[in-house]
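> Here's a sequence, model it:
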Amino acid sequence: MEGVSVEEEKKESMSYRYWVRETTEDAAPAPVPRKLSSQDVVSGSQSPAALGSVWNKAGTWEEKNLNKWASDRIQELLTSISSLEFNGGRAEISEVSNCSGDAFLVTVRNKKRVGYTYELKLRIKGEWTIREEKKIVKGHLEIPEFSFGELDDLQMDVRLNEEKDLLQQDKQQICKDLKQFLHPVREKLRQFEDELKDR
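Here you go, the predicted model:
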């Protein structure tokens, strides 16, 4: 070949187009067209129902934002926790002052998966009898970041509002009492997870 270098010849012999042109007898035979019967058409149209939206029949990837529903539901469940009685008093969750995070439903390969990540701050109000005197105590419970499937590792921090007439040991006892809210909060969040899975 005139004007073609050895390098160009080598490059051309390795290209896909060149390889296809040079097929041999041991290559797979070319496909033969076949007319579909009415039975083939009917069986092909009865595919299993796809999860997710109508446009995503293959169920490849679809993400649905559930933030509004999840935040409202978490608040509703946590404020439904009844007050707890302790040796020296009682307390209740008065409101959910912070409920921030994300919740989502993902359809991947026609399988539904849910998840969430949240942080909570619960305002509490209680009454304790300390040295035969009733004291109103306010504060909040902080639940740092928690996510789907990790409720067994749930942590809770107790912060009391500045109480000038409480001794340090009284504050420690009240904080210890308030940590008992961890169990009912965990149970309500488990209920939330179950409801999220059913969406």
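> what are the ranges of the strands in the protein?
If DSSP state E is used as the criterion, the strands of the chain fall at 61-65, 84-85, 89-108, 111-130, 133-147, 157-160.
> Of these, which is nearest L182?
Put simply, out of the strands of the chain the one that sits nearest L182 is strand 133-147, at 8.5 Å, with distance taken as CB to CB. The way it works is simple: take the backbone N, C-alpha and C, and place the C-beta from them, glycine included.
> Give me the longest helix you can find in the protein.
With DSSP state H setting the assignment, residue counts place helix 182-197 as the longest helix in the chain.
> Now that one: buried residues?
Across helix 182-197, burial judged by 16 or more other CB atoms under 10 Å covers 185-186, 188-189, 192, 196.
> likewise stretch 155-173?
Taking 16+ other CB under 10 Å as the basis for neighbour counts, the residues of stretch 155-173 that come out buried are 156, 158, 160, 163, 166, 170, 173.
> Tell me the one of these nearest E76?
Nearest to E76 among these: M156, at 19.5 Å, using CB to CB.
> list the contacts for the closest one?
For M156, the contacting residues are 141-143, 179, 181-182, 185, taking CB atoms under 8 Å, 6 or more residues apart in numbering as the criterion.
> Model confidence for the residue nearest to it when sequence neighbours are not counted, exactly?
Using CB to CB, 6 or more residues apart in numbering and skipping residues adjacent in sequence, the residue nearest M156 is L182, 4.8 Å away. At L182, the predicted lDDT confidence score is 95.
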